[in-house]
Each structure stands twice: as structure tokens, then as C-alpha cells.
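Undergrad: sharing a model that was predicted from the sequence below.
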Amino acid sequence: MAQSKSFSGRDMGIDLGTANTLVYVRGKGVVLNEPSVVAVNADDGSVLSVGSEAKETIGRTPSNIVAVRPLRDGVIADFEIAERMLRHFMKKVLAGRRFTRPRVVVCVPSGITGVERRAVIEAASQAGARAVHLVEEPMAAAIGAGLPVSEPTGCMVVDIGGGTTEVAVISLGGIVTARSVRTAGDAMDAAIMSYVKKEYSLAIGERTAEEIKMTIGSAAPTGYWSAAGLSALAQQLEKNAEVEGAGGDPEETQGLKPPERITIRGRDQVSGLPKTLTLTADEIRHALSEPVDAIVMAVRQSLDETPPELSGDIMDRGIVLTGGGALLRGLDVRLGKELDIPVLVADDPLDCVAVGTGRCVEDFAALRTVLDAQPRLLAGRRL
């Protein structure tokens, strides 16, 4: 019995995300949450740092060091670096356990192709997994959000990650209709960078754009900080974001309106010198309009493909938002107004997919039917 417990305790669920990788260990919960970034020495190909340390080097490396994000649009773009990153995270989680080959459940986008599917399985296997099972991201998100996925009732989940937005209607333990669009958190950051460059001739980096999005970004001119949004904002503000009207303990600011301005620094493209600029929330809302419109359109098209009976269930139950993009202020308000359907943000949107993947590990036999996701043809795959 003790031997069985020891074996089961090594099984893990991995949310292999474009922006962050989360690892859930059976019996322990989410034990690792780090950026999906690897710093590599371009001269000899050696890995210098992985995760949080590597993310700090983005945009600040000398010519011989490259900060690589091995996943793009939710799938593996650099196989070798992805395998090294997975190996590092698994070794970190299983520290002190030699000769351990765990059973691993990895979540993948619903629009994954056969080639991409094999790449994920092979990367996890070479990183040290004994057996690899795949679960689709919207299914994992729904399980993590506590939705009744096994019941004969319709549940709609919108998982907005770093590279992809996954929209799915789930019933009886399966995905009835799904849509995967490559517009999510990274596209929002790129839209902010493009806007600042076009309007002010100021070049800013990815980290600065992310700080702007998290601090004053919004999808609608309304809404207050949620508890989850405050927590995420507090973590980000620790990394030198200069905000007017924000700061302090998140508990003290709960219920207050977010700041309307943020001061940033970048490089003036005309003079080539460093420059300080103040941006308003209205400007950033305008900059984010295109990616937000794409997400709204994906949800609208998924509803159009949903069977009438399940549409009625969704009207009663509402749409659940998960993923880091769900923390964008006013996104639930915007979707609710556009679609005339109740829209809710999950209690812990950042961890929903990881928790759902972990529950597949915890209750492997009961949730076996949702595993081993097969490639599916999606109309929204290339949008």
C-alpha cells in the first residue's frame, strides 16, 4: 500500500502554456508556476536559466545570450528547447527522487494537429515521463472551474491564455463545439506596443506592454478590480511599474477604481534617446479593441454552432471565463453586453487549467474519457 502511495504521488499534470507553465503534483496541488522562457547561450547552445530568471533577461541580454519562448500560439515552436524546459521543471518538482518516471497529463489546445500532438508527447517522454496523456485546454479549464462537465447539460468556457483563446461548449464529458483562435494575451501586448509606436514613436518592450495591460488595460469603460485581478496586479507592480493612484496592499485597495494613467519609459525612435510617457486607460482600451473584438467574435461564432437545447442551458448557467486574459478589466461586462448572456469570471482563473489537469491525475479512472485528445478540424483554427 505504501508503495502504491509513493508511486501515485509522483504523477503530475502540466499546463504547458505559451506564457506560463504550471505543474500539479498528485496529492500536493499546484507546486510550480513559472514563465515558459529559456535563456540560451547562442555560442554553444547551453541553457543558462529557465523560468522566472530567464524572463528577467527578455530584452536585456547581450548578443551571445538569447531569451527563447519555446511555445507559440499554444503549441511547441522549438522542440529541443521545450524538452529542456520540461526536463528542468520536472526535475525541480521531483527534487530528491532519483530514477523517477511519473505518469503525466498535459493540456493542449483544442485545435492541435497530429504533428503538434506527437511533438508534445515526445517532448514530455524525453523529459522523463513514463506515460503521457493529453487533455484539451477548454475541458481542463471547465473541470478546474468546477463546472458539471459529466452531466447532460451545456457548459460554455472561454479560456484566454497567452497564445490562444479556446472557446468550447461541453456536455456529457465531451466537447460539443469548439473554436481556437490565435488571439490572446500576447496579441494584446503586441497591440499595445504597436499603438505606442504608431502614436508616440516610442519603442517599448514586451514586459512594459504587459505591465500596461495589467495595470490600466480594459475591454469596457467600467468595472472594478476583482480579488483575483488585485492579486495579479500586486505581483506585477512589484516589478517596478510606476502607476499613478495605485499601490499598497491589495486588500486595502479592493473595491477602488483602477488608476487611469501609467507612466512608462522607452526609446524615442526619432531622437534615439530614452523618453518618459504617460498613457491613459482610454488610449489602452482603444489599442486593445482589435484583439478584444476577435475574442468576442470567436464566442459569438461558437454560440451560433451550438445546438438549441445547449444554448438554453448556457443562457441559464452563463459563460465562464478562465485564463490570465479573464483578468482584463471589463471583459466580462463587454461580452455580457455584446451577447446578452451572463458572463462570469472563474474564482481562480490563472490556475483553472492546471487544477483541471491535476484533477485528471487525481481521479484518473473517472476522467479517463476526457484524456488523449485527438486532432480535430476547427473552422477557427487559422483565424
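TA: Yep, it's here. Numbers count the residues shown, from 1 in each chain.

Undergrad: the helix or strand containing Val30 pairs with which strands?
TA: Assigned by DSSP states H and E, Val30 belongs to strand 29-35. Strand 29-35 has its sheet partners listed here by DSSP bridges as strand 20-25 (antiparallel).

Undergrad: same question for the strand it pairs with, mean pLDDT?
TA: Strand 20-25 shows a mean pLDDT of 91.

Undergrad: mind listing what's buried in the helix or strand harbouring His88?
TA: His88 belongs to helix 79-93 when assigned by DSSP H and E. If you call a residue buried by 16 or more other C-beta atoms under 10 Å, then helix 79-93 has these buried ones: 81-90, 93. C-beta: built from backbone N, CA, C; applies to glycine.

Undergrad: and for stretch 215-223?
TA: For stretch 215-223, the neighbour count (16+ other C-beta under 10 Å) marks 215-220, 223 as buried.

Undergrad: any idea how far it is from the middle of the chain?
TA: Stretch 215-223 sits 19 Å away from the centroid of its parent chain (C-alpha atoms, centre = their mean, to the nearest Å).

Undergrad: could you do stretch 293-313 as well?
TA: Using C-alpha atoms, centre = their mean, the mean C-alpha position of stretch 293-313 is found 21 Å from that of the whole chain.

Undergrad: kindly check the end-to-end length of it for me.
TA: One end of stretch 293-313 sits 25 Å from the other (C-alpha to C-alpha, to the nearest Å).

Undergrad: contact partners of that stretch?
TA: Stretch 293-313 is contacted by residues 153-156, 158, 160, 165, 167-169, 171, 176-179, 181, 183-184, 187, 314, 319, 325, 331, 334-335, 338-339, 341, 379-380, 383 when judged by C-beta atoms under 8 Å, 6 or more residues apart in numbering.

Undergrad: ok so, going back, what's the spacing between the strand holding Val30 and its chain's center?
TA: Distance of strand 29-35 from the chain centroid (C-alpha atoms, centre = their mean) equals 13 Å.

Undergrad: and after it, which helix or strand comes next?
TA: Sequence order places strand 38-41 as the next helix or strand after strand 29-35, per DSSP H and E.

Undergrad: direction included, what does that following strand pair up with?
TA: So strand 38-41, judged by DSSP bridges, has these partners: strand 47-50 (antiparallel), strand 65-68 (antiparallel).

Undergrad: let me see the mean pLDDT of it.
TA: Averaging pLDDT along strand 38-41 gives 90.

Undergrad: ok, and what's touching it?
TA: Residues outside strand 38-41 that contact it (C-beta under 8 Å, 6+ apart): 46-50, 53-54, 57, 61, 64-70, 81, 84-85.

Undergrad: give the contact list for the spatially most central residue of the chain.
TA: With distances taken as C-alpha atoms, centre = their mean, Gly161 lies nearest the centre of the chain, 2.8 Å away. Listed by C-beta under 8 Å, 6+ apart, the contact set of Gly161 reads 17-19, 74, 137, 184-185, 323-325, 353.

Undergrad: swap in Ser201?
TA: Counting by C-beta under 8 Å, 6+ apart, Ser201 has contacts 268-270.

Undergrad: most neighbours, which of these?
TA: Neighbour counts for these, by other C-beta atoms under 10 Å, peak at Asp268, which reaches 15 neighbours.

Undergrad: so what sits opposite that residue in the bridge?
TA: What pairs with Asp268, by the bridge criterion (DSSP bridges), is Leu202.

Undergrad: ok, now which ones touch it?
TA: By C-beta under 8 Å, 6+ apart, the neighbours of Asp268 are 201-202, 274-275.

Undergrad: ok, it to Arg60 distance?
TA: 19 Å (C-beta to C-beta, to the nearest Å).

Undergrad: and if you look at Ala203?
TA: For Ala203, the distance to Arg60 - C-beta to C-beta - is 14 Å.

Undergrad: who's more crowded, these two?
TA: Neighbour totals were compared for Ala203 and Arg60, and Ala203 leads with 15 against 10 (other C-beta under 10 Å).

Undergrad: neighbours around the closest residue to the more buried one other than its chain neighbours, how many?
TA: In this structure, Ala203 finds its nearest non-sequential neighbour in Arg267, 4.7 Å apart by C-beta to C-beta, 6 or more residues apart in numbering. Around Arg267 sit 15 other residues, with neighbours defined as other C-beta under 10 Å.

Undergrad: ok, Arg267 touching Lys275?
TA: Yes: under the criterion of C-beta atoms under 8 Å, Arg267 makes contact with Lys275 at 7.0 Å.

Undergrad: next, find the distance separating the nearest residue to Lys275 once chain neighbours are set aside from Ala287.
TA: Of all residues not flanking Lys275 in the chain, Asp268 sits nearest, at 4.2 Å (C-beta to C-beta, 6+ apart). In this view, Asp268 and Ala287 are 19 Å apart by C-beta to C-beta.

Undergrad: just Val355 next, same as before
TA: As judged by C-beta to C-beta, Val355 and Ala287 stand 32 Å apart.
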